[in-house]
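Asker: Here's my sequence, what's the structure:
(one chain, ligands or ions: 1)
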Amino acid sequence: MEQRFDVGRGVVVLERGDITRQDTEAIANAANSTLLGGGGVDGAIHRAAGPKLLQACRDAKRTLPSGLLPTGQAVLTPGFRLRAAHVIHCVGPVYAREGQDAPRLLASCYANALRLCREHDIRSIAFPSISTGVYGYPVQEAAPIALAAVRDALEANDTPHLVKFSLFDDTTLEAYGAAARDLFGGRAGRGS
Ligand code: APR
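Answerer: Okay, here's the model as predicted:
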């Protein structure tokens, strides 16, 4: 059962789901700085997209000064076999490593991904819960940061119009739901 919220000029949707199954125009990947794949969301997206995604990531790496994507930054590639036409690879903060910079770096992942949506006229994007798995970000802390960053972008811009969170377990869904109700009120989105 999805939860919809009218936020700024757009809509935020929270749901239990597998990011690789989403038919939004883009999906975000919880990647690492090497862009060479990994486990969790990263592994699932690479498996679903097929081997051409890794080649596209290697090509993107060549445009990066050190060949590494810094924490908080994002790059766009095609989605290949995914239903989504684009993948936006974000490098979230490792909670234990970034300390007081962690909130800013997590917010910048979402802000940079949404900037890329504007730059490429991508009208819908689905996010996983970046950094709350292997990277150890407590989901109760990460959810309000993620949603506030999305709110700021939707209040200032028309694109994207739809921001979905595809959340992989009930604990994560409940954390984002509580943060969304707190930030957005109980507003149900249009057509809900
Ligand atoms: N769809 C949606 N969410 C998923 C999926 C999926 N198919 N698979 C896992 N998740 C959830 C996890 O349960 C967690 O809530 O995504 C969230 C992020 O978890 P991770 O994938 O571990 O991402 P992160 O914490 O950002 O760690 C990134 O893990 O896989 C490596 O290469 C990656 O080094 C990078 C690190």
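Asker: which residues sit in contact with the residue most central in space within the chain?
Answerer: Most central in the chain under CA atoms, centre = their mean is residue 127, positioned 3.1 Å from the mean C-alpha point. Applying CB atoms under 8 Å, 6 or more residues apart in numbering to residue 127 gives the contacts 19, 27-28, 110, 113, 146, 150, 163-166. All C-beta atoms are positioned from the backbone trio N, CA, C, and that covers glycine.
Asker: can you give me phi and psi for it?
Answerer: Main-chain torsions, residue 127, degrees, to the nearest 10: phi -110, psi 140.
Asker: Tell me which of the contacts of residue 127 fall in helices.
Answerer: 110, 113, 146, 150 (DSSP state H).
Asker: Could you report the neighbour count for the third one?
Answerer: Other residues within reach of residue 146, judged by other CB atoms under 10 Å, total 27.
Asker: What is the neighbour count of the nearest residue to residue 13 once chain neighbours are set aside?
Answerer: Excluding its sequence neighbours, the residue lying closest to residue 13 (CB to CB, 6 or more residues apart in numbering) is residue 164, at 4.4 Å. Neighbour count for residue 164, taken as other CB under 10 Å: 24.
Asker: Tell me the spacing between residue 164 and residue 69.
Answerer: Distance of residue 164 to residue 69, computed by CB to CB, to the nearest Å: 23 Å.
Asker: do the same with residue 170
Answerer: From residue 170 across to residue 69, the span is 31 Å (CB to CB).
Asker: what about those two, which has more around it?
Answerer: Between residue 170 and residue 69, counting by other CB under 10 Å, residue 69 is the more crowded of the two (22 against 10).
Asker: near the ligand, which residues of this protein?
Answerer: Contact residues (CB under 6 Å from any ligand atom) of the chain with the ligand: 18-20, 30-32, 38-44, 92, 128-135, 166, 168-169, 172.
Asker: Could you rerun that using 8 Å?
Answerer: Selection of the chain residues close to the ligand by CB under 8 Å from any ligand atom yields 17-20, 30-32, 34, 37-45, 91-92, 94, 128-137, 139, 166-169, 172.
Asker: Give the buried subset of those residues as a ChimeraX selection command.
Answerer: ChimeraX command restricting those to the buried ones, with burial defined by 16 or more other CB atoms under 10 Å:
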select :17,19,20,30,31,32,37,38,40,41,42,44,45,91,92,94,128,129,130,131,132,133,135,137,139,166,167,168,172
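Asker: Just the ones in strands from the residues of the chain next to the ligand, please.
Answerer: With DSSP state E as the criterion, strands contain 30-31, 91, 166-167 from among those.
Asker: Show the pLDDT at the nearest residue to residue 10 once chain neighbours are set aside.
Answerer: Of all residues beyond its chain neighbours, the one nearest residue 10 is residue 154 (4.2 Å), with distances taken as CB to CB, 6+ apart. Predicted confidence (pLDDT) for residue 154: 98.
Asker: again with residue 187
Answerer: pLDDT, residue 187: 59.
Asker: Then residue 139?
Answerer: We have a pLDDT of 98 for residue 139.
Asker: ok, now which ones touch it?
Answerer: By CB under 8 Å, 6+ apart, residue 139 lies in contact with 129, 132, 171-172, 175-176.
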